[in-house]
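1. sequence-free structure coming up:
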């Protein structure tokens, strides 16, 4: 690499740091704590993937998504999923306009930059499929015409683990299409007190919007830079071996853990490791991936891709505990 090229890369990294730091600061100015959630949203945004969040209600998921959208001058739409939600309510439809005696296309709320699907498992399987198709293809088809979805495009879907009555759980194939799964926990006492203080100060009033700090074009530039982050072949093999352990657990894991796994992760897991590890390197101001990046992402990449049997549920063994065993079974390069 020439000195001129090294200098250019350094400027690019400095610009990327300015952009992600500005968005992170805007997030923290309104959302108390939730640093892990902030990182996961930024990773999804920079890696071009989507995020599945599991948490009880009231933990600022909508606020977090809205703040990020406002900070990048992007569009934001929240869709409350219910059993009677139709695919056309999400992707759009054609409506008859009497004044012109024609059908006109009305695009649905998915045509924006950041979409929050609240309680996705309350929508029917047909509606879930329509949304997941839009996520994968980044376009919708209405009356035979394709309508592209603006970039950057990030879907944040939430699930409530407590109330499962009247829900339609996502199938394994559908959850696999989410790049990461984040679990959001209750805030600490100090964080909860800070939330009340900010509420009293009017920070969460309806007309209080976060000021835009970057543009969507800036996010697209950082996405391109993240794709150019160096990832050594040994680290790609490390990620692939982690995924491989979940497919042949009896060869690598203790018998009491191996028998809990019915099916391992798909190749999408390895792809997610590589893309998000590069994005994580950007967040840390590096132009290369290190082994700790992959280990840090393991739970978020694998927890929703492991299919555990009934024995795991009866024994109270979580996917995160299995991922811990997977990490211990693979030597770090």
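-> Arrived safely, thanks for sending. Not measured: the values here are computed from a predicted model.
2. so which strand or helix has the closest residue to residue 73 other than its chain neighbours?
-> Closest residue in space to residue 73, ignoring its immediate chain neighbours: residue 212 at 4.2 Å, by CB to CB, 6 or more residues apart in numbering. Glycine gets a C-beta too; all of them are placed from N, C-alpha and C. Using DSSP states H and E, residue 212 sits within no helix or strand.
3. all strands for the stretch 51-200 of the chain, in order.
-> 51-54, 76-80, 92-97, 102-107, 114-118, 139-142, 145-148, 154-159, 180-183 (DSSP state E, counting those that start in this stretch).
4. for those, give me CSV that also has distance to residue 260, mean pLDDT and mean neighbour count.
-> Output for these, formatted as CSV (distance: least, CB to CB, whole Å; pLDDT from 0 to 100; neighbours: other CB atoms under 10 Å):
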stretch, distance to residue 260, mean pLDDT, mean neighbour count
strand 51-54, 19, 94, 22
strand 76-80, 35, 94, 17
strand 92-97, 43, 88, 13
strand 102-107, 44, 89, 12
strand 114-118, 30, 94, 25
strand 139-142, 39, 88, 17
strand 145-148, 42, 90, 11
strand 154-159, 21, 93, 26
strand 180-183, 18, 95, 22
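5. between the ones you listed, which gets nearest to residue 239?
-> Nearest to residue 239 among the strands of the stretch 51-200 of the chain is strand 180-183; the distance by CB to CB comes to 14.0 Å.
6. centre of the chain to the closest one, how far?
-> Put simply, strand 180-183 sits 7 Å off its chain's centre (CA atoms, centre = their mean, to the nearest Å).
7. can we start the residue count at 43 from this point?
-> Got it, first residue is 43 now, which makes that one strand 222-225.
8. so what secondary structure elements neighbour it?
-> Contacts defined by 3 or more CB pairs under 8 Å, 6 or more residues apart in numbering; DSSP states H and E place strand 222-225 against helix 77-89, strand 93-96, helix 333-344.
9. so how far is the second one off the chain centroid?
-> The chain centroid and the centroid of strand 93-96 are separated by 6 Å, computed with CA atoms, centre = their mean.
10. each with direction, which strands does it pair with?
-> Strand 93-96 sits in its sheet next to strand 196-201 (parallel), strand 222-225 (parallel), going by DSSP bridges.
11. same list (the ones you listed) but as CSV, adding distance to residue 334.
-> What follows is the strands paired with strand 93-96, written out as CSV (distance: least, CB to CB, whole Å):
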stretch, distance to residue 334
strand 196-201, 25
strand 222-225, 17
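12. right, and the ones you listed - which one's nearest residue 243?
-> Taking these one by one with CB to CB, strand 196-201 is closest: 26.3 Å.
13. these two touch, right, the residue nearest to residue 115 and residue 111?
-> No: applying CB atoms under 8 Å as the test, residue 254 and residue 111 come out as separate, 9.6 Å apart.
14. thinking again about what came up before, among the helices and strands packed on strand 222-225, which is nearest residue 68?
-> The nearest among the helices and strands packed on strand 222-225, by CB to CB, is helix 77-89 at 10.1 Å.
15. chain center to the closest one, what's the gap?
-> 7 Å.
16. what number of residues lie near residue 287?
-> Other residues near residue 287 come to 25 when the count uses other CB atoms under 10 Å.
17. actually residue 114, not the one I typed
-> Using other CB under 10 Å, residue 114 has 27 neighbouring residues.
18. could you pull up phi and psi at it?
-> phi -100, psi 10 (degrees, to the nearest 10).
19. before we move on, what about residue 346?
-> According to degrees, to the nearest 10, residue 346 has phi -90, psi 0.
20. just the one 5 residues further on next, same as before
-> Per-residue torsions, residue 351: phi -80, psi 180 (degrees, to the nearest 10).
21. does the spatially closest residue to it that is not a sequence neighbour belong to a helix, a strand or coil?
-> Excluding the flanking residues, the one nearest residue 351 by CB to CB, 6+ apart is residue 304, at 4.8 Å. Three-state secondary structure (criterion: DSSP: H, G, I helix; E, B strand; the rest coil) places residue 304 in strand.
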